[in-house]
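*Asks:* Sharing a sequence plus its predicted fold:
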Amino acid sequence: MELPFAESWKIKMVEPIRKSTREQREKWLKDAHYNVFQLKSEQVYIDCITDSGTGSMSDRQWAAMMMGDESYAGASSFFRLKDTITRLTGFEYVIPTHQGRAAENVLFSHLVKPGAIVPGNSHFDTTKGHIESRKATAVDCTIDEAKDTQLELPFKGNVDPKKLEKVLAESADKVPFIIVTITNNTAGGQPVSMQNLREVRAIADKYKKRLILDSARFAENAYFIKTREKGYENKTIKEIVKEIYSLADAMTMSAKKDGIVNMGGFIATRHEDWYEGAKCFCIPFEGYLTYGGMNGRDMDALAVGLDENTEFDNLETRIKQVEYLAKRFDEFGIPYQRPVGGHAIFVDATRILTQVPKEEFPAQTLTTELYLEAGIRGCEIGYILADRDPVTRENRFGGLDLLRLCIPRRVYTNNHMDVIAVAMKNVFDRRDQIKRGVKIVWEAELMRHFTVQLEKL
Ligand code: F0G
């Protein structure tokens, strides 16, 4: 008999979590204005709000922390991190930042001017925020198929080369760079193929533009290339990663995901001029160039995390757990963005809460229902997150309205996945009784989903 699949690690330290009653959750959620970001973590049983900064570090990473060099300038921790990044990506210039959005802030301060147009594939909200707040425009060139949650495509995060070419043909002079997000978080943690990256590179070359990879989940993307793209079956993850970055000019990185650290990020590039430009913004915004917002010990943990998470076994354990949850959802007929992505399941709220009008935010409503059901905290990636159009100030209902259930790396077992699946099924089974959603009573102008206050209708 073939042996079943099991994790490529064992557990050395645990953290207790607690259940609550429905009555308690009803009060807590009301106090949090129906916004799960405003719950206290003790009020949550299984936390799927994000896979960002919530992973478990390995014993190797904790050991590396003890070697942290906290020197203000020239810390050896920085050089260990830089050498790892250069070895993995080929990028020579590295600027640490305190997280991914800080990398965007520093690099975009140098590159994005008012009136600029930045094409990409479903820019993440902080990426879009850092473009729009500079009075520039983010143009989404993701393939149309990504919007059909039931369509099974191996690389549903891809850029549509025709859309990208159109932007460049019409306004190349306004485009400071192209940005491709791997994996495509907003479209459901969907990967981008190597073939697609090559096509984007060719268009970039044709118009003499540079390409940035928003790399928060680059290792998961490499896993999908290995397991889904012809010609990559026998390559190692590290070889695939090297090839990915050979096609790019720079990366912005939230190390809190595939770096498996709780805090951290960086910019890396092969171009001295971008490094020189970004440098001037790193110092006032983040800190001196050899720490830029990170502790020495955290840079050491990140160097080890990057190496560990570009190994197949670690990625396979992680992705197989997400696939396990997806299989349970399939058993119950719960619709989600197919095929399941790397870091999360994105439940298609508009296909479940069909009676809740879009103006009452179905995905946010589903998020609150799942929390009330079992204390499981997901997060809306939908109409609230989409923010208002900066010009018309209307809600943007053009995209998908999803409940994202992120799976932190190396944190929960498949028993937890079973609890999530059954809780979701219970909500799904009573979907016809959910007729009303939520109403916004207060919102911020930008990135409103973190602080929005809602009322139950
Ligand atoms: N790019 C992508 C694709 C992201 O998913 C994130 C963060 C960022 C950039 C910004 O990085 O948080 O380190 O500043 N995503 C988190 C999430 C918050 O929950 O998906 P950060």
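*Replies:* Sure, I can see it.

*Asks:* May I ask which helix or strand encompasses residue 107?
*Replies:* For residue 107, the host element (DSSP states H and E) is helix 100-111.

*Asks:* Revised request: answer the last question for residue 345.
*Replies:* strand 344-348.

*Asks:* Could I get the average pLDDT for that strand?
*Replies:* For strand 344-348, mean pLDDT rounds to 97.

*Asks:* neighbouring contacts of the helix holding residue 107?
*Replies:* For helix 100-111, contacts defined as CB atoms under 8 Å, 6 or more residues apart in numbering pick out 95, 97, 126-127, 129-131, 134, 176-177, 212, 214, 216, 250, 252-256, 265-267, 274, 277-278, 280-282, 285-286, 292-293. Bear in mind the C-beta positions are built from the backbone N, C-alpha and C, glycine included.

*Asks:* What about the ligand: which of the residues you listed touch it?
*Replies:* For the ligand, the contacts drawn from the contacts of helix 100-111 by CB under 6 Å from any ligand atom are 126, 127, 214, 216, 254, 256, 265.

*Asks:* Excluding chain neighbours, what is closest to the fifth one?
*Replies:* Once flanking residues are discounted, residue 254 sits nearest to residue 100: 2.6 Å by CB to CB, 6 or more residues apart in numbering.

*Asks:* any idea how far residue 286 is from the one you found?
*Replies:* Separation of residue 100 from residue 286 (CB to CB, to the nearest Å) stands at 12 Å.

*Asks:* next one: residue 400
*Replies:* Taking CB to CB, one finds residue 400 at 33 Å from residue 286.

*Asks:* likewise residue 387?
*Replies:* Taken as CB to CB, the span from residue 387 to residue 286 is 25 Å.

*Asks:* the more surrounded of the two?
*Replies:* The residue with more neighbours, out of residue 387 and residue 286, is residue 286; 24 against 21, by other CB atoms under 10 Å.

*Asks:* so the more buried one sits right up against residue 293, yeah?
*Replies:* Yes - counting by CB atoms under 8 Å, residue 286 does reach residue 293; the two are 4.1 Å apart.

*Asks:* Now list whatever residues contact both of those two.
*Replies:* Residues touching both residue 286 and residue 293 (CB under 8 Å, 6+ apart): 96, 97, 98, 102.

*Asks:* check contacts around the second one.
*Replies:* Read it as residue 97. Residue 97 neighbours (CB under 8 Å, 6+ apart): 103, 105, 106, 264, 265, 266, 267, 282, 286, 292, 293, 294.

*Asks:* Pull out the buried members of these.
*Replies:* With burial judged by 16 or more other CB atoms under 10 Å, the buried subset of the contacts of residue 97 is 103, 105, 106, 264, 265, 266, 267, 282, 286, 292, 293, 294.

*Asks:* Which of those fall within helices?
*Replies:* Secondary structure assignment by DSSP state H places 103, 105, 106, 282 of the buried ones among the contacts of residue 97 in helices.

*Asks:* Quick one: these as JSON lines, columns for pLDDT too.
*Replies:* Output for these, formatted as JSON lines (pLDDT from 0 to 100):
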{"residue": "103", "pLDDT": "98"}
{"residue": "105", "pLDDT": "98"}
{"residue": "106", "pLDDT": "98"}
{"residue": "282", "pLDDT": "97"}
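
*Asks:* Tell me which residue is most central in the protein.
*Replies:* residue 185 (4.5 Å; CA atoms, centre = their mean).

*Asks:* Once you drop chain neighbours, what's closest to that one?
*Replies:* residue 124 (5.5 Å).

*Asks:* which phi and psi does that neighbour have?
*Replies:* Backbone torsions of residue 124, given as degrees, to the nearest 10, read phi -60, psi 160.

*Asks:* how many neighbours does residue 51 have?
*Replies:* 28.

*Asks:* Which positions within the helix or strand hosting residue 164 qualify as buried?
*Replies:* Using DSSP H and E, residue 164 sits within helix 161-171. By neighbour count with 16+ other CB under 10 Å, helix 161-171 contains the buried residues 163, 164, 165, 167, 168.

*Asks:* Worst mean pLDDT across the helices and strands of this protein, which element?
*Replies:* Ranked by mean pLDDT, DSSP states H and E, the weakest helix or strand in the chain is helix 125-132, scoring a mean of 92.

*Asks:* Who are the packing partners of that one?
*Replies:* helix 100-111, strand 137-140 (3 or more CB pairs under 8 Å, 6 or more residues apart in numbering; DSSP states H and E).

*Asks:* For the longest one, list the C-alpha coordinates in PDB.
*Replies:* What follows is the C-alpha trace of helix 100-111 in PDB, where atoms were taken according to Å, rounded to 0.1, in the frame of the first residue of the first chain:
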ATOM      1  CA  GLY A 100       6.100  45.000   1.500                       C
ATOM      2  CA  ARG A 101       4.200  48.200   1.300                       C
ATOM      3  CA  ALA A 102       7.200  50.000   2.600                       C
ATOM      4  CA  ALA A 103       9.200  48.600  -0.300                       C
ATOM      5  CA  GLU A 104       6.500  49.900  -2.600                       C
ATOM      6  CA  ASN A 105       6.600  53.300  -0.900                       C
ATOM      7  CA  VAL A 106      10.400  53.700  -1.200                       C
ATOM      8  CA  LEU A 107      10.700  52.500  -4.800                       C
ATOM      9  CA  PHE A 108       7.500  54.200  -6.100                       C
ATOM     10  CA  SER A 109       8.600  57.500  -4.500                       C
ATOM     11  CA  HIS A 110      11.500  57.400  -6.900                       C
ATOM     12  CA  LEU A 111       9.600  56.000  -9.900                       C
END
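
*Asks:* right, and the helix or strand after it?
*Replies:* Assigned by DSSP H and E, the successor of helix 100-111 is strand 117-120.

*Asks:* is any part of that following strand close to the ligand?
*Replies:* No - judged by CB under 6 Å from any ligand atom, strand 117-120 and the ligand are separated, with a smallest distance of 10.3 Å.

*Asks:* So, low pLDDT: which residues of the stretch 51-200 of the chain?
*Replies:* For the stretch 51-200 of the chain, applying pLDDT under 70 flags no range at all.

*Asks:* farthest pair in the buried residues of helix 161-171?
*Replies:* 163 and 168 (10.0 Å; CB to CB).

*Asks:* list residues touching both of these two?
*Replies:* With CB under 8 Å, 6+ apart, residue 163 and residue 168 have common neighbours residue 119.

*Asks:* ok now do the nearest residue to residue 354 once chain neighbours are set aside, which residues does it touch?
*Replies:* Spatial nearest neighbour of residue 354, chain neighbours left out: residue 431 (7.7 Å); criterion: CB to CB, 6+ apart. By CB under 8 Å, 6+ apart, the residues touching residue 431 are 352, 353, 354.

*Asks:* among those residues, which ones are buried?
*Replies:* Neighbour counting over the contacts of residue 431 (16+ other CB under 10 Å) leaves 352, 353 as the buried ones.

*Asks:* May I see the contacts of residue 431 organised as a markdown table, with distance to the ligand, pLDDT and secondary structure added?
*Replies:* Formatted as a markdown table, the contacts of residue 431 follow (distance: CB to the nearest ligand atom, whole Å; pLDDT from 0 to 100; DSSP: H, G, I helix; E, B strand; the rest coil):
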| residue | distance to the ligand | pLDDT | secondary structure |
| --- | --- | --- | --- |
| 352 | 22 | 98 | helix |
| 353 | 22 | 98 | coil |
| 354 | 27 | 97 | coil |
